[in-house]
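*Asks:* Any chance you can model this:
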Amino acid sequence: MWKAIVSFLKWKPMSTLPLVVLATGLILLLIPLGFVVYQLGHQVIPGSASNTSSMNQELQQTQNANLGQHNLLLVLVDRLDQPNLEGVWLVVNGNLNNGSKFLPVEFAAPANTNESAEDSSSSNLFTIDGSPTAIFVNDLIDRGLWWDYYLVIDQSGLGALTGWSGRSSSQDFPSPSSGTEGDLNTDNLADPQGFYQQAASLKTLCERSELINQTLDPGTILSLLEGHFRTDYDLSRLTEEWYSFRHRGFAWYCEFPTIKEISFLEFDNSSE
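*Replies:* Alright, predicted model coming up:
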């Protein structure tokens, strides 16, 4: 699904103002908001020893940053009503610029559970409404990760938004099917390919994020994504913050410093 989203965005003309950035809007809007983050600790990403070294260096730099930083825990699942974990990203944002760093977090079921990885993904890691459980949250906190808000979002919501690209109104929006599972089932969250596909999707969406202040409003986003995301951010503040960003001019860039080996050229070359 993540690779399919990238492919769709690559081939869709820019003049259609692809409204898949609705999902990006929710993600990127939550990035800069929150309280001061005190510490960012150890995490593991897939790859070689050089990858791990690069990651540790990046995390150390983040720890030493000014305390104006805000973090978002981005959790990707296949479907919100029966979630299986597909990816965890820590999105690090500083107040001094409009840039965000996406750090993939390798996650395995906590060692104290006797259930299978699949069962743990649905029953131990998420509540019945798709929110992270204390087991999930505490495991990340115990590893030194800190964030201000979390966002859990499923593939159906993103896929439906992609299908809505270029349509004239929200009435044309194809309702996401709650029974449709994503076609990227990352059984092993340490698999680099899963992270790379997700990174490519996020990178493409970031590149289109400047379109967000031209046509979108928070009410539309929340309506379209209803039933396909969970967050602990106070959504009553969304409209105020949204138009504050619009007034200042919305332009965002994203970095993936711990997986620099990923080549986005394979997506760019597909159009040649």
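*Asks:* shaky segments in the chain?
*Replies:* Scanning the chain for pLDDT under 70 picks out 1-68, 94-98, 109-123, 157-193, 205, 208-216, 248-251, 260-272.
*Asks:* try 80
*Replies:* 1-69, 94-99, 107-123, 156-195, 200-218, 220-221, 224-225, 238, 241-253, 259-272 (pLDDT under 80).
*Asks:* What backbone torsions are found at the closest residue to D129 other than its chain neighbours?
*Replies:* Nearest-residue entry for D129: R230, 6.6 Å, with adjacent residues in sequence omitted and distances by C-beta to C-beta, 6 or more residues apart in numbering. Heads up, the C-betas are built off the backbone N, CA and C, glycines and all. In terms of degrees, to the nearest 10, the main-chain angles of R230 are phi -140, psi 140.
*Asks:* for R230, which residues make a bridge with it?
*Replies:* Counting by DSSP bridges, R230 is bridged to V152.
*Asks:* Tell me how many other residues crowd it.
*Replies:* Here the number of neighbours of R230 (other C-beta atoms under 10 Å) works out to 20.
*Asks:* surely it meets P83?
*Replies:* No: counting by C-beta atoms under 8 Å, R230 sits too far from P83 to count as a contact (9.2 Å).
*Asks:* which neighbours do the two share?
*Replies:* Residues touching both R230 and P83 comprise 130, 152, with contact defined as C-beta atoms under 8 Å, 6 or more residues apart in numbering.
*Asks:* pretty sure L80 is in contact with L151, am I right?
*Replies:* No: if you go by C-beta under 8 Å, L80 and L151 don't touch, sitting 11.7 Å apart.
*Asks:* And the closest residue to Y253 other than its chain neighbours, how close does it get to I135?
*Replies:* Nearest in space to Y253, with sequence neighbours left out and distances taken as C-beta to C-beta, 6+ apart, is G99 at 5.1 Å. Here G99 is placed at a distance of 32 Å from I135 (C-beta to C-beta, to the nearest Å).
*Asks:* so when I look at G227, I'm seeing a helix, right?
*Replies:* No: the assignment for G227 is coil, going by DSSP: H, G, I helix; E, B strand; the rest coil, so no helix is present there.
*Asks:* Next up, phi/psi of it, please.
*Replies:* Main-chain torsions, G227, degrees, to the nearest 10: phi 80, psi 0.
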